[in-house]
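Asks: kindly generate the corresponding structure for this input.
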Amino acid sequence: MTTRRLFPLALLMTFALASCEKDEAALPTQPAALLQSHWQLTQIDAFPVAASSYSETSKSYLEFVELGTCTVGLGPCNNFSGRYSLAGGGQELHITPQISTRATCPVQDLETRYLDNLALTARYEISGDELRLYDATAPAPRLLFRRKAQ
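Replies: Residues are numbered from 1 along each chain as shown. This is a model prediction of the structure:
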């Protein structure tokens, strides 16, 4: 990856993390399993996702950063970040529309679906090493993730 391509990414991440403020009131209700994990994307709707097109070794992922209730991740094409909030005793999860870098790739439609589904998230479930994100209407999860071994 060239320095020219890394600069916009570094700038985006700087702005995204700078906008994150520590919310002391929200910290006690945030489940550790959600926050202390690197979640690799495995499925978008009914479409399995094996890797990102970003590189053959990088996999699309999502992380929830406790400090400032921020999200960071990698889609099939671009890095992204945004914010999240938990409510309803911890099962309700709302994710803001994500800000992403703007590289195009052959699976741009898949990335658009990924980011759109993140913004539709209304609740989540964790079962073992699997994270399921649901919207407010569908009984099936819109996104599936697998916890990456640390």
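Asks: identify each buried residue in the longest strand anywhere in the chain, please.
Replies: What stands out as the longest strand in the chain, according to DSSP state E, is strand 79-87. For strand 79-87, burial by neighbour count (16 or more other Cβ atoms under 10 Å) applies to 79-84, 86. (C-beta placed from N, C-alpha, C; glycine too.)
Asks: could you do stretch 128-142 as well?
Replies: Neighbour-count burial for stretch 128-142 [16+ other Cβ under 10 Å]: 131-135, 141-142.
Asks: repeat that for stretch 64-84.
Replies: Applying 16+ other Cβ under 10 Å to stretch 64-84 flags 64-66, 68-84 as buried.
Asks: distance between it and the chain's centre?
Replies: 5 Å (Cα atoms, centre = their mean, to the nearest Å).
Asks: how is the spatially most central residue of the chain assigned, secondary-structure-wise?
Replies: Among the residues of the chain, the one closest to the centroid is Leu62, at 3.2 Å (Cα atoms, centre = their mean). Classification of Leu62 using DSSP: H, G, I helix; E, B strand; the rest coil returns strand.
Asks: my guess is it contacts Leu41. True?
Replies: Yes: applying Cβ atoms under 8 Å, one finds Leu62 in contact with Leu41, separated by 6.8 Å.
Asks: overlap in contacts of these two?
Replies: Overlap of the contact sets of Leu62 and Leu41 (by Cβ atoms under 8 Å, 6 or more residues apart in numbering) consists of Phe145.
Asks: which of the buried residues of stretch 128-142 sits closest to Thr121?
Replies: Closest to Thr121 out of the buried residues of stretch 128-142 is Leu133 (4.7 Å), distances taken as Cβ to Cβ.
Asks: which strands border the helix or strand where Gln40 lies, and is each parallel or antiparallel?
Replies: Element membership for Gln40 (DSSP states H and E) is strand 39-44. Here strand 39-44 has these sheet partners by DSSP bridges: strand 47-48 (antiparallel), strand 61-65 (antiparallel), strand 143-147 (antiparallel).
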